[in-house]
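S.K.: mind folding the following:
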Amino acid sequence: RRNAIQDLRRKIDLDLLTRTELLIQPKATTTRRTDPGVQFNILSLDILHEEAFDGVRAMERAVLETGTDLIVYPSVIQGGTLEYKSDYSPVKFSQADYNLEAAKQQQIEQRAFGRHSIFQFGRSGGDDSPNMETMLLSILERFRMNVIATSVHNEFGDGSMVIARCEDSDFVAVWDGRDHVTLSVFRMDERRMMADKMMHSFLANLGENWGKQLRDDMPRGIGKVITFTNEFQ
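M.R.: Sure thing, here's the model as predicted:
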């Protein structure tokens, strides 16, 4: 019935038609805490703006009159006409109208320790299997990274994952076994330059048929950090 009412409103396609869903459940008790309840769908014609909603309220009151142990939730209100207001003058709010003390305090207390960059690479063709371990370790050696520990995982179907931990950095390279590679780079350094170098070097090792699809850069630190230090200098 719910799908039938939805389809009917969609086919008629009139703003006057209002569809409302009422979810009726028993009040939370030890015996009926997980009761899914009952759902009603109401399709009404809203000509005088308030007619449809008055009908919904009347239905709510009728249900509540059957017993005090029920709760009615209007979960969906869809459609209906808009009430015209003559000489409408909207109020425009400025930034000064809001209390920004919490945001200012968070900005003062936050502290970024480093940059976390995530790259997603994809290819348009080819079926070769990139060697994640060889590529990542060769790039780290080229940049003279002091690798403390590495971990290689090949038990994920056709794909593979390589994790490398350095003194001030962590790297994770994941190949899904098909046409996507994800590279995660974290360094105790907020500068973007090193992440850019890693991205270009990794792409060069993957081959010409690979390209960058997505990139996301995030600060990592304490105090609910959301911005890099140099963004406000």
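
S.K.: could you use CA atoms for every contact and neighbour count after this?
M.R.: OK.

S.K.: all strands of the chain, in order?
M.R.: With DSSP state E, the ranges of strands along the chain come out as 17-26, 38-45, 70-79, 111-123, 147-153, 160-166, 169-175, 180-187, 210-222.

S.K.: dump the ones you listed to JSON lines, plus mean neighbour count and mean pLDDT.
M.R.: Shown next, in JSON lines, are the strands of the chain (neighbours: other Cα atoms under 10 Å; pLDDT from 0 to 100):
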{"stretch": "strand 17-26", "mean neighbour count": "19", "mean pLDDT": "74"}
{"stretch": "strand 38-45", "mean neighbour count": "16", "mean pLDDT": "63"}
{"stretch": "strand 70-79", "mean neighbour count": "15", "mean pLDDT": "72"}
{"stretch": "strand 111-123", "mean neighbour count": "20", "mean pLDDT": "96"}
{"stretch": "strand 147-153", "mean neighbour count": "13", "mean pLDDT": "96"}
{"stretch": "strand 160-166", "mean neighbour count": "19", "mean pLDDT": "97"}
{"stretch": "strand 169-175", "mean neighbour count": "20", "mean pLDDT": "97"}
{"stretch": "strand 180-187", "mean neighbour count": "21", "mean pLDDT": "97"}
{"stretch": "strand 210-222", "mean neighbour count": "16", "mean pLDDT": "96"}
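
S.K.: need those strands in JSON lines with distance to Leu137, can you?
M.R.: Formatted as JSON lines, the strands of the chain follow (distance: least, Cα to Cα, whole Å):
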{"stretch": "strand 17-26", "distance to Leu137": "57"}
{"stretch": "strand 38-45", "distance to Leu137": "58"}
{"stretch": "strand 70-79", "distance to Leu137": "54"}
{"stretch": "strand 111-123", "distance to Leu137": "17"}
{"stretch": "strand 147-153", "distance to Leu137": "9"}
{"stretch": "strand 160-166", "distance to Leu137": "8"}
{"stretch": "strand 169-175", "distance to Leu137": "10"}
{"stretch": "strand 180-187", "distance to Leu137": "13"}
{"stretch": "strand 210-222", "distance to Leu137": "19"}
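
S.K.: nearest to Thr229, out of those strands?
M.R.: With Cα to Cα as the measure, strand 111-123 is the member of the strands of the chain nearest Thr229 (6.5 Å).

S.K.: counting by contacts, list what that closest one packs against.
M.R.: Packing partners of strand 111-123 (3 or more Cα pairs under 8 Å, 6 or more residues apart in numbering; DSSP states H and E): strand 180-187, helix 193-206, strand 210-222.

S.K.: what's in contact with the shortest one?
M.R.: What it means is strand 180-187. Strand 180-187 is touched from outside by 114-123, 168-175, 195, with contacts defined as Cα atoms under 8 Å, 6 or more residues apart in numbering.

S.K.: follow-up on the earlier one: export the helices and strands packed on strand 111-123 to a markdown table and tack on distance to Glu60?
M.R.: Output for the helices and strands packed on strand 111-123, formatted as a markdown table (distance: least, Cα to Cα, whole Å):
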| stretch | distance to Glu60 |
| --- | --- |
| strand 180-187 | 52 |
| helix 193-206 | 58 |
| strand 210-222 | 48 |
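
S.K.: to Leu70, which of those lies closest?
M.R.: Set against Leu70 and scored by Cα to Cα, the helices and strands packed on strand 111-123 come closest in strand 210-222, at 46.0 Å.
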